[in-house]
Every structure is written in C-alpha cells, then in structure tokens.
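Trainee: dropping a prediction and its sequence here:
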Amino acid sequence: MATCGEQLVRLLEAYGVEFAFGIPGVHTVELYRGLSASGIRHVTPRHEQGAGFMADGYARVSGKPGVCFVVTGPGMTNIMTAMGQAYADSVPMLVVSSVNRTEQLGMGEGRLHELPSQSRIVSGVSAFSHTLLHPDQLSQVMARAFAIFSGSRPRPVHIEIPIDLIARQAIGSVVGLRAIPKRPGPRPQEVERAARLLFEVKKPIVILGGGAVDAAALVRSLAEDLDAPVINTINAKGLLPPGHPLRAGENMAFEPIRQAIAAADVVLAVGTEFGETEMYPQPKDVQITGALIRIDIDPEQLVRKPAADLPIVSDAGLALEAISAGVAIMRKSDVKTIQTGSVGIDSPGARRATAIRTETTKHWWPAVLLHQKIAGLACEALPDAILVGDQTEPIYALNQCFEPMRPRSYFNSSTGYGTLGYALPAGIGAKLAAPDRPVVVLAGDGGLQFSIGEMASAIEAKTPLVLLLWNNEGYGEIKTYMQERAITPIGVDIFTPDFVAIARGFGWRASQPRSFVELAEALKVAACTTLPTLIELRADAPFLQY
Ligand SMILES: Cc1ncc(C[n+]2csc(CCOP(=O)(O)OP(=O)(O)O)c2C)c(N)n1
Ligand SMILES: [Mg+2]
C-alpha cells in the first residue's frame, strides 16, 4: 500500500520523469513523501512561474513533459503564465497541484490558499484540468495526461488533488501501466494525393513549424527530393542545417517570403499555425494561390486560416515518410522525369531559395548584424550551444537570422503568449535536459528583472549557464513603439540595478565587456567555469552601436 502522493511519484517514475520543479507548501508536502526514495530530482525555483518556465525549457530540449508540483491558490495562479506560454507553443507540461479538502470545495469559507473554481480558471491554459476524486483513479488520469503528450498536440495538463486525498491510501500498482497510444499516421488516399500534387508541380514551397521538430531527417530528404525551398518558423529553426542550399529563411511578414509563398504552385505546411508572432512586427494573413497541403496533429488547426486544400491529420514524421515514398513510386513509374534528389547550389530550388534569402536579408532590421555577430562569438566559444531567449531586442534580431545546428536548440518567449521573465528559468530547464551542452540565455534588463531571483536557483541546481544581458535601461521595444506613434513615453524608462553586483551577490561570475575582444574573452572564460556567468552588454557602449 502507498498513499496517493507516493503512488503519484511512482507513476511519474514509471513514465520516465526525471525532474519535478516546484515549491512545497503545507498543502503539497504529501506529494513529497515518496520523492526522496525515488529517482526524480526536485528543483526549487524562487517563484512558481520559474517552475513552469523551467519545465518548459526542459520539455523543449528533451521532448519529454516537464513536471511541476505547486500549492493550490497562489502557487497555481503564479504558474499560469508559464502554462500560457507552453499552451501557445504546444509544449508538454504536467502541473500537479493540491486543492482544498473535498468537503470544502466551493464553500467559500476563506480556507488557506482557497481559489474558487481553480480548475475552471486553469482550464484556459491546459489541454484538460482534472480534479481527482478518488485515489484509485490516479493511474487512469495520469495515462490521459501522457496520452496527450505523446498521442496528440502536446500542451499543459493540470491535475489537482484535494489535500485529504493526497494522504489517503491508494490501491493499484504501477506495474502494467496503460499502453499509451502513439500519434496517428496519414490515410493512403491522402498520401497519394499529396504525393501527386507535389510530384506534378514546378514551384513547391515547404513551410515548417514547431510540430516538425522531431522529423529533421525526413524533412530534409523530402525537401531535397522535391527540390523545394524551405521556410521555417522560429520554433522550427535547426530543421535544415546552417547553410543548406534549400534554406529560404524565416518571418512571413517579409515581402520576399510572402511573394515566394504566393507564387508557389503547391505549399506543403507541416506543424505550423501560421502564428502572428511569426510575422512580427507587421503580421498579415499569408496569401496562398497554389494548393495548400497542411499536415498537423491537431484537426482543429487544419480548418483555421489559411484554409487547406488537403488537410492531413497526422504525426509530421509519419506523413512525411509516407509522402516521400509516394513521390518515389511516382518518379520510378514516370520515365520522363529528371531525377532530382541531388540538390546542389545550382538546382532550380536552391536558386529560388537563395533568391528569397538574399532578398529577405535586405529587410532585416539594422540591429540584426550586431546581434548576429554577438551570437556568433557566443557559439564560437560555446559550440553546440542551446540559445534560450526572452522578449528583447537581441531575440527579435536573432529570430530573423540565427541558424542553429539542429532542432530543439533555439527558442524564446517572443513566440505565442509572448511573456517576459522566461529566459533565465527556461535556460535552467534546458541545461538540466542537456547537461553536456552549453546554454546561452539572452534577456533584456526588463525581462530579467521579472525572474532575477532564479539566479539563486541556477546556483542551487548547478546549471552553469551563460546569461547575455542586453541592458538598455528600459522597456526598449515598448518605448520605441510609443515614440513611433507620437505617444510620450511613460512607464518605460525603468530604474535598472547594478546587475554585475547582483549576479555576484547570487554567487555568479559577472563581467561587463567594453569591446568585442573583451566579450570574446569573457565568453571563453565562461566556457571553462562551473558557475553560471552573467555577461552584461551595455547597449550604450560604443562597440555595440549600429
Ligand atoms: C508579462 C509581460 N508584460 C508586459 C509585456 C510587454 N512588453 C513586451 S517587450 C517589453 C519590454 C521588455 O524590456 P527588456 O526586457 O528590457 O527588453 P528590450 O525591449 O529593452 O530589449 C514589454 C514591457 C510582456 N510582453 N509581457
Ligand atoms: Mg531593456
């Protein structure tokens, strides 16, 4: 026999969970009873929002759900912003919270941490929010959560357990876990139609979203086989390696990319919602005149704009594999076709991709080259680094140009929900998921102050990150936005503390380079230390002007 709380820990272990991010309270201590005897490592943030962001960063790098333990009420409302970010970006996350005793639910008696209708409030940022009403139902509810994570569009799941139930004895064992369904594949008729459409056209384009991140090899071989230029969203960066001849670039607000999409005779869109934040700062509906084939795990997504001519509900990899095979069969039976599949810089598709890319670079913001240079120095000193970003100028710039070596290596909170304070805690989660890879966190002075307390968590979790801080002493983006609209800037010139002193106070290494040589040196030193390092870039420093 075990308590419901102990049973929960055993189930998490059986599902392969490695970390639990959370802050315990009197309402959740029973979740912790079984933790010390388990293989799950607990990581403590300084705010529940940090727990959620850590879980998010961990999930984006590992592909596995990040798990959080929070108390009912304030713990739950604190983590909801992080759930909102994960919901918008389709990140798997399991949030286990307590809730007041069963007989107190909905009574409004002013109990400690009481949040009326907690489950209803959390529902807006979860695939589902479940109130456990009997300990023996735990394994089924947990299986539902993992079915969402691996069988459908991954999103946060919330399970709340009344405090009387957490301590109750639960029967049932973790042996014989329910079989978790895998994602569906495409239907043969859909594959045949997609293959025919793609085979018969001259100017196909592939658009990749975050839903394709685990299909890099298949994406590449199909794009090469079709000789099709590839456009990626921010969350799909790294699907084609840097410098690949078919890489056409990103940001669907840029005219050359919009025109290329409009001129394509077939657009194959994989795992993307054509989100507004892919088109910043001037989002506009994408114009498609050719046939649109959309592959997505979420059927609802397939009926949203832009309307698909051929909607395919499927796992991205399974669909791409089947379509590739379909195209190969057609090619074999058609003696007239020239064999493609050997894309060089001179293939028609590569020439189209180069033209799109070259034209797009002319639309880059003036800041892009500076931040590209800084990121280049970081990647030179810290090879194979994962870049985790906040909402700040360097990220808007890198979103336009940065080419990571592989997927799951570049993400930030400028996409989707678009919150501040994400990068530092998400970077801690990323480092825990990939301890052998360097993690570079990019944050602004405003965003960092949202979650600066997580500097303590980075020390405690032994995650030696490198934090590149862009300090322009204010909410720079919003200030510019006000100025552009002739609004007198108010609330944007914020007091900024001595970040170097603060970082050192937290036990970090810290420096403030005054030249590119000093920056390169600071990065080199950071690469060799076991401590987290802050490198403060003062936006007013002469070497950082553009
Ligand atoms: C939670 C939240 N509050 C407010 C905003 C609006 N906002 C977007 S960017 C920004 C400025 C961020 O300042 P900083 O991190 O210093 O970056 P900078 O723009 O100066 O590069 C603000 C306030 C937001 N995105 N999220
Ligand atoms: Mg700023």
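Mentor: Structure received. Ligands and ions are numbered 1, 2, ... in the order given.
Trainee: residue ranges with poor pLDDT in the protein?
Mentor: Scanning the chain for pLDDT under 70 picks out 172-176, 335-342.
Trainee: for it, what's the longest helix?
Mentor: helix 316-333 (DSSP state H).
Trainee: go ahead and name everything in contact with it.
Mentor: Identification of contacts with helix 316-333 by Cβ atoms under 8 Å, 6 or more residues apart in numbering yields 183-186, 191-192, 194-196, 198-199, 211-212, 214-215, 218-219, 221-222, 225-226, 270-271, 295, 297, 312, 337, 339. Using the backbone N, CA and C atoms, a C-beta is placed for each residue, glycine as well.
Trainee: inside helices: which ones of those residues?
Mentor: Applying DSSP H to the contacts of helix 316-333, the entries found in helices are 191-192, 194-196, 198-199, 218-219, 221-222, 225-226.
Trainee: which of those are buried?
Mentor: When neighbours are counted using 16 or more other Cβ atoms under 10 Å, the ones in helices among the contacts of helix 316-333 contain these buried positions: V191, E192, A194, A195, L198, F199, L218, V219, L222, D225, L226.
Trainee: let me know the closest of those residues to N78.
Mentor: Comparing these against N78 with Cβ to Cβ places V219 closest, at 37.5 Å.
Trainee: how about the closest residue to ligand 2 within the stretch 351-500 of the chain, what does it touch?
Mentor: Scanning the stretch 351-500 of the chain for the residue nearest ligand 2 gives G444, at 3.8 Å (criterion: Cβ to the ion). Neighbour list for G444: D390, Q391, T392, E393, P394, L469, W470, N471, N472, G476 [criterion: Cβ under 8 Å, 6+ apart].
Trainee: nearest residue to the residue in the stretch 201-350 of the chain that ligand 2 sits nearest to other than its sequence neighbours?
Mentor: Residue nearest to ligand 2 within the stretch 201-350 of the chain: P281 (16.6 Å; Cβ to the ion). Spatial nearest neighbour of P281, excluding adjacent residues (Cβ to Cβ, 6 or more residues apart in numbering): A253 at 7.2 Å.
Trainee: go on, G211?
Mentor: G271 (1.8 Å).
Trainee: now A397: which helix or strand?
Mentor: helix 393-401 (DSSP states H and E).
Trainee: any chance you could list what contacts stretch 205-212?
Mentor: For stretch 205-212, contacts defined as Cβ under 8 Å, 6+ apart pick out 89-90, 153, 219, 222-223, 226, 228-233, 235-236, 239, 248, 252, 260-261, 264, 266-274, 295-297, 316, 320.
Trainee: do that again at 6 Å, thanks
Mentor: 219, 223, 228-233, 235-236, 239, 261, 264, 267-272, 316 (Cβ atoms under 6 Å, 6 or more residues apart in numbering).
Trainee: filter the residues you listed by proximity to ligand 1?
Mentor: Among those, no residue sits close to ligand 1 (Cβ under 6 Å from any ligand atom).
Trainee: could you report the neighbour count for G317?
Mentor: Using other Cβ atoms under 10 Å, G317 is surrounded by 20 other residues.
Trainee: name the residues of the protein found near ligand 1, please.
Mentor: In this structure, the chain approaches ligand 1 at residues 390-393, 418-420, 444-447, 470, 472, 474-478, judged by Cβ under 6 Å from any ligand atom.
Trainee: weed out the non-buried ones from these.
Mentor: For the residues of the chain next to ligand 1, a neighbour count by 16+ other Cβ under 10 Å gives the buried set as 390-393, 418-420, 444-447, 470, 472, 474-477.
Trainee: could you list which of those belong to strands?
Mentor: Counted as lying in strands by DSSP state E, out of those, are G444, W470.
Trainee: tell me the contacts of the residue nearest to G211?
Mentor: Counting by Cβ under 6 Å, 6+ apart, G271 has contacts G209, G211, A212, A316.
Trainee: would you quantify the distance from the third one to F516?
Mentor: Taking Cβ to Cβ, to the nearest Å as the measure, A212 and F516 are separated by 36 Å.
Trainee: more crowded one of the two?
Mentor: Taking other Cβ under 10 Å, A212 and F516 do not tie; A212 has more neighbours (28 against 13).
Trainee: flag every residue of this structure that's near ligand 2.
Mentor: Neighbours of ligand 2 within the chain, by Cβ under 5 Å from the ion: G444, D445, G446, N472, G476.
Trainee: the same query, at a cut-off of 8 Å, please.
Mentor: Residues of the chain lying close to ligand 2 by Cβ under 8 Å from the ion are 392-393, 444-447, 470-477, 494, 496, 539.
Trainee: if we can go back for a sec, tell me the helix or strand right after the longest helix of the chain.
Mentor: Going down the chain from helix 316-333, the next helix or strand is helix 348-361, by DSSP H and E.
Trainee: which other helices and strands does that following helix contact?
Mentor: Taking 3 or more Cβ pairs under 6 Å, 6 or more residues apart in numbering; DSSP states H and E as contact, the helices and strands that helix 348-361 lies on are strand 247-249, helix 255-263.
Trainee: okay, the angle between the longest helix of the chain and helix 216-226?
Mentor: Angle of helix 316-333 versus helix 216-226, following axes from the mean of the first three to the mean of the last three Cα atoms, to 10 degrees, is 30 degrees.
Trainee: so how far is helix 316-333 from its chain's centroid?
Mentor: Taking Cα atoms, centre = their mean, to the nearest Å, the mean C-alpha location of helix 316-333 is offset from the chain mean by 29 Å.
Trainee: what's the answer for stretch 539-546, then?
Mentor: Using Cα atoms, centre = their mean, the offset of stretch 539-546 from its chain centre is 30 Å.
Trainee: what of stretch 515-528?
Mentor: In terms of Cα atoms, centre = their mean, the centre of stretch 515-528 is set 28 Å apart from its chain centre.
Trainee: list the buried ones in that stretch?
Mentor: Neighbour-count burial for stretch 515-528 flags L519, A522, L523, A526, A527 (criterion: 16+ other Cβ under 10 Å).
Trainee: and the residues you listed, which of them are in helices?
Mentor: Those of these lying in helices (DSSP H): L519, A522, L523, A526, A527.
Trainee: residues near the closest residue to the third one other than its chain neighbours, how many?
Mentor: It stands for L523. Among residues not flanking L523 along the chain, A381 sits closest, at 3.6 Å (Cβ to Cβ, 6+ apart). The number of residues packed near A381 is 21, by other Cβ under 10 Å.
Trainee: how about the contacts made by A381?
Mentor: When the contact criterion is Cβ under 6 Å, 6+ apart, the partners of A381 are L523, K524, A527.
Trainee: TSV for these, including distance to S457?
Mentor: Shown next, in TSV, are the contacts of A381 (distance: Cβ to Cβ, whole Å):
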residue	distance to S457
L523	23
K524	26
A527	22
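Trainee: of these, closest to ligand 1?
Mentor: Ranked by distance to ligand 1 (Cβ to the nearest ligand atom), the contacts of A381 are led by L523 at 20.2 Å.
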